[in-house]
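Undergrad: structure for the following, please:
(chains A, B, C and D)
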Protein chains: 2
Amino acid sequence: MAHTRTDPDAGEPALTHIQALPSWLLNRASARGRRLVADALAQDGMRMPHHAVLSAVADLGPVAQAELGRTTGFDPKDMVGILNDLQAQELITRAPDPSDRRKNAITLTDEGRKRLNRLTKLGDEANEALLSALSPAERELFLALLARVVDQG
Amino acid sequence: MAHTRTDPDAGEPALTHIQALPSWLLNRASARGRRLVADALAQDGMRMPHHAVLSAVADLGPVAQAELGRTTGFDPKDMVGILNDLQAQELITRAPDPSDRRKNAITLTDEGRKRLNRLTKLGDEANEALLSALSPAERELFLALLARVVDQG
DNA sequence: TCGAAACCGTTGGGGCCGCCAACGAAGGCG
DNA sequence: CGCCTTCGTTGGCGGCCCCAACGGTTTCGA
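TA: Okay, here's the model as predicted:
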């Protein structure tokens, strides 16, 4: 089939073609989102993974690190570092689980809950800015399509 | 306004909230796209930046590295490595520009053009798979919305 | 019951990507 | 001639993602 293809030189420029690909646009949009969120969370001295893990701890009450890793998708190796940071700021506590001495029971502190509320607000604002070019109806449509692209494993 | 806010515990779980944010979904979609494209290009022993730079060289004929960096958005530091790789495989040539001895004139070789055609095909197929959950009309709509999210600087 | 298998947290390592700083060489311009 | 800019190159940093291995612990089946 290659021998019947139109010569690429006759068509659109190769670079234009690449930069219009979904993967390219998604990369750029994702990068913009990460930057916006990272800058917002940085106002509170925190990073995205920390916010995610803090949220997971809030939901799952006393929970083991491995369980946190499964629900958030973070590597166990990285989870150690994230929890170290959170623990150093006394946003979570790491206590041995008496019923299973392999596990650490991770719990949210009061300070952690306050911090989570602030972070959630900052993250929401950043996401609002991310989609500020779209109307509410368009945002809903965009997110629905995006979810289908993501979930189609 | 914070004192009138509904208690977060009464609403949706914090982790669910985060994972439904546009920034989170965009990150996941972008990661999937990068993985699909990377795997596809790897069949031809190449990576995404190399494909992009090869495309830019094809478009811009003999061109300086700095110019390539500007049009593709890659850091000059990274451009050096990419061009080294491409040159090692004899897909491009790096010749001193006689009219400006600071510049390297980057040119596509015949082998580079063949390789670019293969890579473009592989990249297109990967992107087709990336959006395979959407109908043609939905893809068009999705890309239009995505472009607006990206371009709104 | 006791040994194999699985799971836990931790450490170490690596790859990709985006970005910045500095340098010598070369050109532009007063 | 000096001054500023640009060019390619080297070196380095930080974030994010993933894999391998190890000692300690639990589980489950032979």
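
Undergrad: low-confidence stretches in chain A?
TA: Counting by pLDDT under 70, chain A contains low-confidence ranges at A:1-11, A:153.

Undergrad: what segments of it are helices?
TA: Assigned by DSSP state H, the helices in chain A fall at A:14-19, A:22-42, A:48-60, A:65-72, A:76-88, A:110-130, A:136-151.

Undergrad: does the shortest one reach chain B?
TA: The one in question is helix A:14-19. Yes. Using C-beta under 8 Å from any C-beta of the partner chain, helix A:14-19 reaches chain B at A:14, A:15, A:16, A:17, A:18. Bear in mind the C-beta positions are built from the backbone N, C-alpha and C, glycine included.

Undergrad: closest one of those residues to DNA strand D?
TA: Nearest to DNA strand D, judged by C-beta to the nearest atom of the strand, of the residues of helix A:14-19 next to chain B is residue A:15 at 16.9 Å.

Undergrad: residues in contact with the closest one?
TA: Listed by C-beta atoms under 8 Å, 6 or more residues apart in numbering or on different chains, the contact set of residue A:15 reads B:52, B:55, B:56, B:58, B:59, B:60, B:71, B:72.

Undergrad: cool, and residue A:14?
TA: A:8, B:54, B:55, B:56, B:58, B:59, B:116, B:120.

Undergrad: possible to save those residues as CSV with distance to residue A:112 and neighbour count?
TA: Converted to CSV, the contacts of residue A:14 look like this (distance: C-beta to C-beta, whole Å; neighbours: other C-beta atoms under 10 Å in any protein chain shown):
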residue, distance to residue A:112, neighbour count
A:8, 55, 16
B:54, 49, 26
B:55, 48, 25
B:56, 47, 24
B:58, 53, 21
B:59, 52, 18
B:116, 52, 21
B:120, 49, 19
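
Undergrad: dump those to CSV, plus distance to residue A:88.
TA: Listed next are the contacts of residue A:14 as CSV, based on distance: C-beta to C-beta, whole Å:
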residue, distance to residue A:88
A:8, 55
B:54, 46
B:55, 46
B:56, 45
B:58, 51
B:59, 50
B:116, 50
B:120, 49
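
Undergrad: ok, now how distant is the closest residue to DNA strand C within chain A from residue B:48?
TA: When scored by C-beta to the nearest atom of the strand, chain A has residue A:66 as its residue closest to DNA strand C, at 2.9 Å. Look at residue A:66 and residue B:48: by C-beta to C-beta, to the nearest Å, they are 33 Å apart.

Undergrad: who has more neighbours out of the two?
TA: residue B:48 (21 against 13; other C-beta atoms under 10 Å in any protein chain shown).

Undergrad: tell me the spatial nearest neighbour of that one, not counting adjacent residues.
TA: Spatial nearest neighbour of residue B:48, excluding adjacent residues (C-beta to C-beta, 6 or more residues apart in numbering or on different chains): residue B:37 at 5.7 Å.

Undergrad: that neighbour: neighbour count?
TA: Using other C-beta under 10 Å, residue B:37 has 27 other residues around it.

Undergrad: between the contacts of residue A:14, which is nearest residue B:142?
TA: Using C-beta to C-beta, residue B:120 comes nearest to residue B:142 of these, at 21.4 Å.

Undergrad: picking up where we left off before, out of the helices of chain A, deepest packed?
TA: Most buried of these by mean neighbour count (mean count of other C-beta atoms under 10 Å in any protein chain shown) is helix A:48-60; its value is a mean of 22.

Undergrad: pull up the gap between the spatially closest residue to residue A:61 that is not a sequence neighbour and chain B, please.
TA: Among residues not flanking residue A:61 along the chain, residue A:107 sits closest, at 7.1 Å (C-beta to C-beta, 6+ apart). The gap separating residue A:107 from chain B is 14 Å, by C-beta to the nearest C-beta, to the nearest Å.

Undergrad: residue A:107: how many residues sit nearby?
TA: Neighbours of residue A:107 (other C-beta under 10 Å): 16.

Undergrad: so it bridges to which residues?
TA: residue A:93 (DSSP bridges).

Undergrad: contact partners for it?
TA: A:57, A:61, A:62, A:92, A:93, A:95.

Undergrad: ditto for residue A:86
TA: A:50, A:53, A:54, A:92, A:112.

Undergrad: cheers, nothing more for now.
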